[in-house]
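Visitor: What follows is a predicted structure for the sequence shown.
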Amino acid sequence: MTDMRAHRPESQRGAGLLISLVFVIVFGGLMLYLADYLLQTDRLPVQRISFIGEFQNVSREALQDVATPYVGKNFFALDLERLEADLSKVPWVARVSVGRRWPDTLQINFRETQLVARWNDSQWITEDADVITLSTAAYTSLPRWFGPQDSHEIVQARHRQFSSILGRAGLRIDAVRYSARGAWQIEARPGDANDAMHIKLGRRDLQERLQRFMQAYTQSLVHMNEKLRVVDLRYPNGFALQWQETQETEAG
């Protein structure tokens with residue numbers, strides 16, 4: 001007599017595999033059906049566009065014009081990467097990202113280009129160190145940077161360094177000039193003073209020279225800054241000062 005109990009575990013495993021296979025096929029079919037249903041062009045159309053960002057220089061109408069063709073399209077079938085690429089071409093847009101907000105909204109997050117300086121009186125520098133040309137002459141409160149072509153990143157780094165040193169004494173930089181020969185000049189003013197002092201740094205030991213002058217400035221010259229017009233730091237062990245009355249004084 002044959003013992004049938006030895007065959008039961010193998011039969012059960014086979015039945016279990018068959019059930020799992022059927023479940024996978026049914027589940028996959030349902031997913032395909034659902035995907036086909038959701039991606040049909042007449043299903044779940046986009047009906048709204050929302051913007052997250054500050055409208056100062058970016059035109060709402062310009063963003064709206066780019067995004068409007070996507071209204072009425074299927075919510076899940078949108079080509080978001082292409083839309084982001086088109087939106088990034090709108091003037092003054094620095095960063096943009098696009099997402100879906102259930103059930104029918106296209107959400108556009110953007111950040112405007114931030115200017116940090118005027119470049120050679122004809123262009124502007126952005127916070128990302130890009131050089132751009134604008135038709136507007138606004139933002140007159142921004143510092144002015146001057147330098148040879150493609151030197152704006154060097155000037156930006158030096159401006160940051162100089163500002164850190166001068167800012168401790170309450171001096172604000174109006175302009176940084178970098179010549180083709182590698183010499184540096186700064187125009188700075190205390191607070192809201194009308195006239196700026198011109199600081200000639202030369203080509204070497206820039207930080208040391210500026211810190212040496214700042215030590216003397218904070219100790220004795222700060223009360224006379226209204227008359228201080230030119231500071232020449234191109235001396236090995238000191239500096240020369242020129243006052244408003246064109247009187248020149250050497251210090252060390």
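Guide: Ah, there it is.
Visitor: For the stretch 1-150 of the chain, which residues score under the pLDDT cut-off?
Guide: 1-43, 135-138 (pLDDT under 70).
Visitor: same thing but at 50, please
Guide: 1-2, 4-6, 33-34, 38-39 (pLDDT under 50).
Visitor: show me where the chain has strands.
Guide: 48-52, 93-101, 105-112, 115-119, 123-126, 131-132, 144-146, 171-178, 184-190, 197-202, 228-232, 239-243, 248-251 (DSSP state E).
Visitor: right, so of those strands, which gets closest to residue 77?
Guide: Shortest distance between residue 77 and the strands of the chain, using CB to CB, is found for strand 93-101: 10.6 Å. Just so you know, the C-beta spots here come from the backbone N, C-alpha and C atoms, and that holds for glycine as well.
Visitor: Paired strands for the closest one, with orientation please.
Guide: strand 105-112 (antiparallel) (DSSP bridges).
Visitor: what residues does the strand it pairs with touch?
Guide: Strand 105-112 is contacted by residues 46-54, 56-58, 63, 67, 70-71, 78, 87, 92-101 when judged by CB atoms under 8 Å, 6 or more residues apart in numbering.
Visitor: In stretch 197-211, which residues are buried?
Guide: 197, 198, 199, 200, 201, 206, 209, 210 (16 or more other CB atoms under 10 Å).
Visitor: separation between the closest residue to residue 242 other than its chain neighbours and residue 101?
Guide: In this structure, residue 242 finds its nearest non-sequential neighbour in residue 230, 3.7 Å apart by CB to CB, 6 or more residues apart in numbering. Distance, residue 230 to residue 101, using CB to CB, to the nearest Å: 59 Å.
Visitor: Compare these two (neighbour count), which wins?
Guide: Neighbour totals were compared for residue 230 and residue 101, and residue 230 leads with 15 against 12 (other CB atoms under 10 Å).
Visitor: returning to what we had before: could you export the strands of the chain as TSV, including distance to residue 82?
Guide: Compiled in TSV, these are given as follows (distance: least, CB to CB, whole Å):
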stretch	distance to residue 82
strand 48-52	16
strand 93-101	10
strand 105-112	13
strand 115-119	28
strand 123-126	24
strand 131-132	24
strand 144-146	36
strand 171-178	41
strand 184-190	46
strand 197-202	49
strand 228-232	55
strand 239-243	59
strand 248-251	63
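Visitor: for the ones you listed, which one sits closest to residue 214?
Guide: strand 171-178 (8.4 Å).
Visitor: For the closest one, the averaged confidence score.
Guide: Confidence for strand 171-178, expressed as mean pLDDT, is 96.
Visitor: quick one: the helices in this structure?
Guide: With DSSP state H as the criterion, the chain has helices at 8-38, 60-67, 80-87, 152-167, 206-216.
Visitor: Buried residues, the fourth one. List them.
Guide: Neighbour-count burial for helix 152-167, counted by 16+ other CB under 10 Å, picks out 152, 155, 156, 158, 159, 162, 163, 165, 166.
Visitor: Please report how far the third one lies from residue 85.
Guide: To residue 85, residue 156 is 27 Å away according to CB to CB.
Visitor: for the fourth one, same thing?
Guide: Taking CB to CB as the measure, residue 158 falls 35 Å from residue 85.
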